[in-house]
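Novice: I'd like to go over a predicted model; first the sequence, then the structure.
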Amino acid sequence: MTERHEPQDVSGQSFADGERIAKYLASAGVASRRDVERLITDGRVSVDGKVLDTPAFKVTGREKILVDGKPIARPERARLWRYHKPEGLVTTNKDPEGRPTIFGGMPQDMPRVVTVGRLDLNTEGLLLLTNDGELARALELPSTGLQRTYRARAYGRIEQKELDKLREGIVHEGIEYKSIIARLDRQTASNCWIDVTLTEGKNREVRRALESLGLKVNRLIRVSYGPFKLDDLGPGAIEEVEAAEILAEFGNYISDKRKPKPFARKASPPRAKVSHAKPIHAKQVLKVAPVERDPRAVRKGLDAFVDKRPDKRGSGGAKRARPTAPGVRPTGGRPISGRPGAGRPFGGKPGGSRPGGAKPSRGPRTPR
């Protein structure tokens with residue numbers, strides 16, 4: 001009797017029971033389940049040469065599945081990336097107007113991924129990417145309750161009591177927005193910096209909410225999404241989230257077949273045997289070759305959040321030298337007090353390095 005094995009992918013996941021085609025393609029990172037259903041309705045999905053016209057179709061992973069004529073690989077375990085979206089890129093796979101998209105500069109070894117929500121053309125900051133469309137959909141839903149925090153620079157002047165009106169929710173241009181927490185950080189000559197936190201995430205929500213108060217947003221940065229923060233990730237840089245962190249935060253939203261293994265050991269090349277190795281002396285310094293950094297992984301600290309324009313309150317915006325505090329040397333030395341002898345070795349008097357003037361003589365040295 002021949003033993004039958006369940007079909008598995010390279011990650012060891014079983015697809016013998018089968019699952020609906022929309023969920024399968026969403027898990028493969030093609031798109032969200034709702035978008036996959038639209039692809040099926042448009043006749044862009046085929047299984048074993050048959051074009052589907054309904055999402056009520058189950059697959060096991062052994063079929064030949066094509067989307068727009070391109071084969072789809074089997075779903076892998078869920079992965080998540082933090083990406084610092086620069087200003088001027090469109091959050092989509094293809095733009096009808098030919099504008100550059102975020103996927104144009106992705107690393108070549110990146111799998112097929114979908115975005116968790118979107119950022120418009122002129123918004124920059126943290127954007128989450130995942131290869132699991134089901135996970136992306138769960139993180140987008142307002143019912144999940146993930147907070148999005150933005151740092152906005154807006155033209156105009158405002159007081160905190162006016163921003164507090166957003167806490168009760170507003171209706172702007174016929175669209176209802178739920179509670180928004182806005183905190184005035186600082187006010188410049190013509191602009192103000194505001195920290196905005198929300199959970200709904202509607203299209204252009206921050207811009208429209210501040211417009212309802214008479215402000216015009218001219219720069220918008222998303223600094224956090226749920227537990228994930230932008231931190232010092234430079235514009236255009238991308239960094240994968242650890243599997244243990246994904247499970248700790250969103251394990252309930254990932255299918256058992258897609259859950260990553262947090263403690264899986266990565267295969268490492270075998271160590272080369274060194275013959276006639278000499279011990280290294282404690283005072284011997286090892287010279288390490290400089291590490292070549294990926295330009296996409298350059299971190300620029302908090303420069304992305306700072307208004308680099310000159311302060312109009314000063315004289316022409318020029319940077320003035322910091323005045324020296326009284327009692328401090330210009331080179332950053334020790335403070336100088338007004339008492340006599342301060343600043344000299346041992347606090348002595350002129351004429352010697354010890355109290356009492358000249359250094360005393362020890363007399364003739366007796367030979368041994």
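Specialist: Looks like it came in fine.
Novice: So in that sheet, which strands flank the strand or helix carrying Ser46, and in what orientation?
Specialist: In this assignment (DSSP states H and E), Ser46 forms part of strand 45-47. Sheet pairing here is set by DSSP bridges, and for strand 45-47 it gives strand 50-51 (antiparallel), strand 65-67 (antiparallel).
Novice: looking at the ones you listed, which is closest to Tyr253?
Specialist: Smallest distance to Tyr253 across the strands paired with strand 45-47 (CB to CB): 23.8 Å, for strand 65-67. Yep, even glycine has a C-beta here, placed from its N, CA and C like the rest.
Novice: what stretches of the stretch 251-368 of the chain score poorly on pLDDT?
Specialist: For the stretch 251-368 of the chain, applying pLDDT under 70 flags the ranges 264-368.
Novice: Mind doing that once more with 50?
Specialist: Applying pLDDT under 50 to the stretch 251-368 of the chain flags residues 267-288, 291, 298, 301-302, 311-321, 324, 328, 331-338, 341-353, 355.
Novice: what about the residue lying closest to Arg167 once chain neighbours are set aside, which SS state?
Specialist: Of all residues beyond its chain neighbours, the one nearest Arg167 is Ser179 (5.4 Å), with distances taken as CB to CB, 6 or more residues apart in numbering. Counting by DSSP: H, G, I helix; E, B strand; the rest coil, the backbone at Ser179 sits in coil.
Novice: again, but for the one 4 residues further on
Specialist: Three states are possible here, and by three-state DSSP the one that applies to Arg183 is strand.
Novice: Report the buried residues of the helix or strand containing Leu163.
Specialist: Leu163 is part of helix 160-163 when elements are defined by DSSP H and E. Residues of helix 160-163 classed as buried: Leu163 (neighbour count, 16 or more other CB atoms under 10 Å).
Novice: got it, and stretch 252-267?
Specialist: In terms of neighbour count (16+ other CB under 10 Å), stretch 252-267 has its buried residues at Tyr253, Ile254, Ser255, Lys257, Arg258, Lys259, Pro260.
Novice: again, but for stretch 206-222
Specialist: Within stretch 206-222, the residues that count as buried by 16+ other CB under 10 Å are Val206, Arg207, Arg208, Ala209, Leu210, Leu213, Leu215, Val217, Arg219, Leu220, Ile221, Arg222.
Novice: can I assume Phe259 is in contact with Glu76?
Specialist: Not Phe; residue 259 is Lys. No: contact criterion CB atoms under 8 Å: Lys259 and Glu76 do not qualify, at 11.4 Å.
Novice: okay, now the domains of the chain?
Specialist: Here the domain assignment for the chain is 19-71, 80-243, based on automatic domain parsing.
Novice: could the strands paired with strand 45-47 be laid out in a markdown table, adding mean neighbour count?
Specialist: Output for the strands paired with strand 45-47, formatted as a markdown table (neighbours: other CB atoms under 10 Å):
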| stretch | mean neighbour count |
| --- | --- |
| strand 50-51 | 10 |
| strand 65-67 | 18 |
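Novice: export those strands to JSON lines and tack on distance to Gln160 and mean pLDDT?
Specialist: Output for the strands paired with strand 45-47, formatted as JSON lines (distance: least, CB to CB, whole Å; pLDDT from 0 to 100):
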{"stretch": "strand 50-51", "distance to Gln160": "58", "mean pLDDT": "90"}
{"stretch": "strand 65-67", "distance to Gln160": "50", "mean pLDDT": "91"}
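Novice: Closest one to Tyr24 out of the buried residues of stretch 206-222, please.
Specialist: Arg222 (30.7 Å).
Novice: Not counting residues beside it along the chain, what's closest to that closest one?
Specialist: Gly125 is the one closest to Arg222 (CB to CB, 6+ apart), at 3.4 Å.
Novice: so for whichever helix or strand that neighbour is part of, what's the average pLDDT?
Specialist: In the assignment (DSSP H and E), Gly125 maps to strand 123-130. When pLDDT is averaged over strand 123-130, the result is 96.
Novice: List the buried residues of it.
Specialist: Buried residues in strand 123-130 (16+ other CB under 10 Å): Thr123, Glu124, Gly125, Leu126, Leu127, Leu128, Leu129, Thr130.
Novice: In CSV, list the C-alpha atoms belonging to stretch 238-245.
Specialist: This file holds the C-alpha atoms of stretch 238-245, laid out as CSV (Å, rounded to 0.1, in the frame of the first residue of the first chain):
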residue,chain,number,x,y,z
ILE,A,238,13.2,49.4,4.2
GLU,A,239,13.6,47.0,7.2
GLU,A,240,12.0,43.7,8.0
VAL,A,241,10.2,43.2,11.3
GLU,A,242,11.3,40.3,13.4
ALA,A,243,9.0,37.2,13.3
ALA,A,244,8.7,37.1,17.1
GLU,A,245,7.4,40.7,17.1
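Novice: re the thing from before, lowest average pLDDT across the domains of the chain?
Specialist: When I compare the domains of the chain, domain 19-71 is least confident, with a mean of 86.
Novice: Double-check that Ala154 belongs to a strand.
Specialist: Yes: applying three-state DSSP, one finds Ala154 inside a strand.
Novice: pretty sure Leu233 is touching Val241, no?
Specialist: No: using CB under 8 Å, Leu233 makes no contact with Val241, being 11.7 Å away.
Novice: Show me the common contact partners of those two, please.
Specialist: Listed as contacting both Leu233 and Val241 by CB atoms under 8 Å, 6 or more residues apart in numbering are Arg82.
Novice: For the strand holding Gly125, name the packing helices and strands.
Specialist: strand 80-85, strand 114-116, helix 133-140, strand 216-225, strand 228-229 (3 or more CB pairs under 8 Å, 6 or more residues apart in numbering; DSSP states H and E).
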